[in-house]
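# quick one, what's the 3D model for this:
(2 chains)
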Amino acid sequence: MTLAAAMRQQEATFRLPPVGLTLAPFTHAVLHDCLPSRVGAALLRWFEDTAPWQLVETDFYEQYEFNLLEVSPPASVDIFQSEMLANLSAAMGSLFDQRFCSMVKVVAHKLVPGQHIGIHNDYLPGEETHRLLIQLNHGLTDDQGGFFILFNSSSPNDVYQILRPRHLSGIVFEISPSSYHAVSRVHGGIRYTLVFSFQVAS
Amino acid sequence: MSEDEKKEPKRKDEGQVQSIVAAPKSAALDRLIAEVRNSDEPNLSGYNRTYHRHNR
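Here you go, the predicted model:
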């Protein structure tokens, strides 16, 4: 690798500092500035111009999605190369004191006004064990909604914490039967999320 | 130091993280809760099987 290429990679690296994990109501940490602003801006341009969004409608929710590992991102978005994802997996491993499989799944989500995600926990035995979510947007106000909500239980009244979808902020969490969360309705603007899924190596 | 503080020491970036945390007043909180309430008893396994798992 050339020095210039190495420097570009360093500049594009995910930023997962070794923060302490909060253990309740499920193991998680809130992060800020998970990506360089240059990468965030490039991702937003792609998402708004040519990204291959597909509307998914189920009994449970409705949102736009696509799998980032099945498409060719523009050159300005250079964070999904296998080496970068392997580094991300290692950083997650350090954070959670676990060893993760090298395979990292990455999907993008888009919520537009009127859409929301009801309370759920992501838990499926034998499937992904940890997630990293990174928010991307042009600065959503509180009136525009799209809050990420953590719950103490499956009851929607049992709110633990409410997180603003601040651009480039993130949350990492361990998926478990108690990892209840939801996204409140978007009332304005567009809320984009990068969803990275990890699985502990057996 | 309390037991909670021992478990979760303050982070250096606590201020930046706190700016991400919202604390809506009760009426706004009630609205958020209503927005994420599932219409019926949630079918979690169905939800979890589909959510995050498209296009793979």
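# quick check: which element contains A:F173?
strand A:170-174 (DSSP states H and E).
# after that strand comes which helix or strand?
For strand A:170-174, the succeeding helix or strand toward the C-terminus, using DSSP H and E, is strand A:181-183.
# how about the strands in chain B?
B:21-22 (DSSP state E).
# need the longest helix for it.
As assigned by DSSP state H, the longest helix anywhere in chain B is helix B:26-36.
# list the buried residues in that helix.
Neighbour-count burial for helix B:26-36, counted by 16 or more other C-beta atoms under 10 Å in any protein chain shown, picks out B:28-29, B:32-33, B:35-36. C-beta: built from backbone N, CA, C; applies to glycine.
# need the residues you listed in CSV with distance to chain A and pLDDT, can you?
Listed next are these as CSV, based on distance: C-beta to the nearest C-beta, whole Å; pLDDT from 0 to 100:
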residue, distance to chain A, pLDDT
B:A28, 8, 91
B:L29, 7, 91
B:L32, 5, 91
B:I33, 5, 90
B:E35, 4, 90
B:V36, 4, 88
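# and the two most separated of those residues?
Maximum pairwise distance in the buried residues of helix B:26-36, criterion C-beta to C-beta, is 13.2 Å, between B:A28 and B:V36.
# so which residues make contact with the longest helix of chain B?
A:116-119, A:142, A:145, A:147, A:149, A:156-157, A:159, A:162, A:182-185, B:24 (C-beta atoms under 8 Å, 6 or more residues apart in numbering or on different chains).
# just stretch A:103-110 next, same as before
A:47, A:51, A:53, A:63-69, A:80, A:85-86, A:88-89, A:128, A:190-199, B:52, B:54-56.
# can you pull the buried residues of it?
Judged by neighbour count using 16+ other C-beta under 10 Å, the buried positions of stretch A:103-110 are A:104-110.
# circling back to that earlier point, parallel or antiparallel, list what pairs with the strand holding A:F173.
strand A:28-31 (antiparallel), strand A:130-136 (antiparallel) (DSSP bridges).
# nearest to A:P73, of these?
Closest of those to A:P73 is strand A:130-136, at 13.2 Å (criterion: C-beta to C-beta).
# check which element follows the closest one along the chain.
With DSSP H and E, the next secondary element past strand A:130-136 is strand A:148-151.
# quick one: the helix or strand just after that following strand to chain centroid distance?
Counting by DSSP H and E, the element after strand A:148-151 in chain order, helix or strand, is strand A:159-163. Distance, stretch centre to chain centre, for strand A:159-163: 17 Å (C-alpha atoms, centre = their mean, to the nearest Å).
# below-threshold pLDDT in chain B: ranges please.
B:1-9, B:39-47, B:49-56 (pLDDT under 70).
# repeat that with 50
Along chain B, segments meeting pLDDT under 50 span B:1, B:5, B:54-56.
# which parts of it are helices?
Using DSSP H, helices in chain B cover B:3-7, B:14-20, B:26-36, B:44-50.
# list the residues that contact A:R131.
A:R131 neighbours (C-beta under 8 Å, 6+ apart): A:122, A:172-173, A:175, A:195-198, B:52.
# Serialize those to CSV and add fields for neighbour count.
Conversion of the contacts of A:R131 to CSV gives the following (neighbours: other C-beta atoms under 10 Å in any protein chain shown):
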residue, neighbour count
A:D122, 24
A:V172, 24
A:F173, 21
A:I175, 22
A:V195, 19
A:F196, 24
A:S197, 21
A:F198, 26
B:H52, 20
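# flag the least confident of those.
Lowest in pLDDT among the contacts of A:R131 is B:H52, which has 65.
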